[in-house]
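Novice: Fold the following, please.
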Amino acid sequence: MNNTHSTNRIYMAIEYGSKDWKLQFGNGKKLRAVTIPARDVEALKTQIRKTKERFGMPEDAEVYSCYEAGRDGFWIHRMLKSIGVHNIVVDPASIEVKRRGKRVKTDRLDAKKLQEMLVRYWVYGEEKTWSVLHVPSENEEAARRPHRERDRLTKESTAHRCRIRSLLALHGIKVKGIPKDPETLRDWKGEALPLTMVEELAREIKRLALLEEQMELLKTERQKKQKSGETRSAQQALKLGELKGVGEQTSWDLMHEFFWRRFQNRRQVGAASGLVSCPYDSGESRREQGISKAGNVRVRVTMIELAWRWLQFQPDSALSRWYMQRFGAGPGRLKRIGIVALARKLLVAFWKYLEFGTLPEGAVLKA
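Specialist: Reported below is the predicted structural model:
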């Protein structure tokens, strides 16, 4: 260990909860563990100051910290930066865990483990100790809320539609669409529905109408922002939407879920999306385990759906021809495997198009 380097800094790990935060301090020689009330910034500042005093360090000693990403998001990261702490946010799934027997797990031990790994990360330069997340700005994070809300409303809308059809099926009724007035419905005998059933259907229809109204409002707001081109993401979404087969909503989602990040190469693009192969090669056993499924699941779902549309709307593009030559004549399972490969190649092509202006080979723009 580089003792000079490590003892001039304080390394702090935060294990946060809804009531308490466990803080684990260390400088390479000494350790200190304390508990403070959750979200108490002043208590955090006080404990950092007391730690410097107990470790015999100057007031201007730098503090490096980490915590696991979770429900609290990134506000803790921004708070720590505001008080002069160098912080990183860690992907919980990337933290190493011993697999020998049962593992003792407490917040205190978790904080101590994080602090030890933080020292390895900064002192020894073991960058592959864990995965450090890219923290979006407050504006970038806020821009993701509307389309994520739309996704939730879409699921709720589907649930209400299924519920209405199920209630009607109990009385042998099948109608197209959603009935506006349940009182006019008649069961299999031609009689009016029971009053309780009519009232339940009316409530379901009312809730569905509210959801559709909110979804339409979100769509209008999104279209207004996208057409204004006020932000870089809106401008890039317009550019991506110029490709035939890429809709306005799809381009908007990809920009705010994925392309807000800056990538250095195509490998980073594939790894961040989780659309990369995960081979198993041990001794004489060799097989493919499928894709890694790391990163943003929304991006993977969107890209796989878009890959099918790309084959339909861009049949003369180089990517579509590659897919048809390699997977087009195969069985359905092979085609589904191939569409994942096409989704990854398409995502890389979109990155090159947005970053360098390179149009995907053979692709056409909308009229």
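
Novice: drop to CA atoms for contacts and neighbour counts, all remaining ones
Specialist: Noted.

Novice: domain parsing for this structure?
Specialist: 3-135, 140-228, 236-356 (automatic domain parsing).

Novice: will you turn those into TSV that also has mean neighbour count?
Specialist: Converted to TSV, the domains of the chain look like this (neighbours: other Cα atoms under 10 Å):
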stretch	mean neighbour count
domain 3-135	16
domain 140-228	14
domain 236-356	17
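
Novice: could you dump these to JSON lines with mean pLDDT and distance to residue 364?
Specialist: Formatted as JSON lines, these follow (pLDDT from 0 to 100; distance: least, Cα to Cα, whole Å):
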{"stretch": "domain 3-135", "mean pLDDT": "91", "distance to residue 364": "33"}
{"stretch": "domain 140-228", "mean pLDDT": "94", "distance to residue 364": "21"}
{"stretch": "domain 236-356", "mean pLDDT": "92", "distance to residue 364": "6"}
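
Novice: so can I have JSON lines of these showing distance to residue 367?
Specialist: Formatted as JSON lines, the domains of the chain follow (distance: least, Cα to Cα, whole Å):
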{"stretch": "domain 3-135", "distance to residue 367": "37"}
{"stretch": "domain 140-228", "distance to residue 367": "17"}
{"stretch": "domain 236-356", "distance to residue 367": "8"}
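
Novice: so which of these comes closest to residue 363?
Specialist: domain 236-356 (4.9 Å; Cα to Cα).

Novice: In this structure residue 280 contacts residue 291, no?
Specialist: No. Using Cα atoms under 8 Å, residue 280 is not in contact with residue 291, being 11.5 Å away.

Novice: Quickly note the distance from the spatially closest residue to residue 236 that is not a sequence neighbour to residue 49.
Specialist: Nearest-residue entry for residue 236: residue 354, 6.7 Å, with adjacent residues in sequence omitted and distances by Cα to Cα, 6 or more residues apart in numbering. Distance of residue 354 to residue 49, computed by Cα to Cα, to the nearest Å: 46 Å.

Novice: Name all residues that make contact with the nearest residue to residue 198 once chain neighbours are set aside.
Specialist: Computed as Cα to Cα, 6+ apart, the closest residue to residue 198 that is not its neighbour in sequence is residue 182, at 5.7 Å. Residue 182 sits next to 198, 201, 202 when contact means Cα atoms under 8 Å, 6 or more residues apart in numbering.

Novice: again, only this time at 10 Å
Specialist: 168, 192, 193, 195, 197, 198, 199, 200, 201, 202, 205 (Cα atoms under 10 Å, 6 or more residues apart in numbering).

Novice: OK, contacts around the fourth one?
Specialist: If you count contacts by Cα under 10 Å, 6+ apart, residue 195 has them with 182, 183, 201.

Novice: Quick check: of those, which lies closest to residue 86?
Specialist: residue 201 (55.4 Å).

Novice: wait, doesn't that closest one sit right on residue 162?
Specialist: No. Between residue 201 and residue 162 there is no contact under Cα atoms under 10 Å: 11.8 Å.
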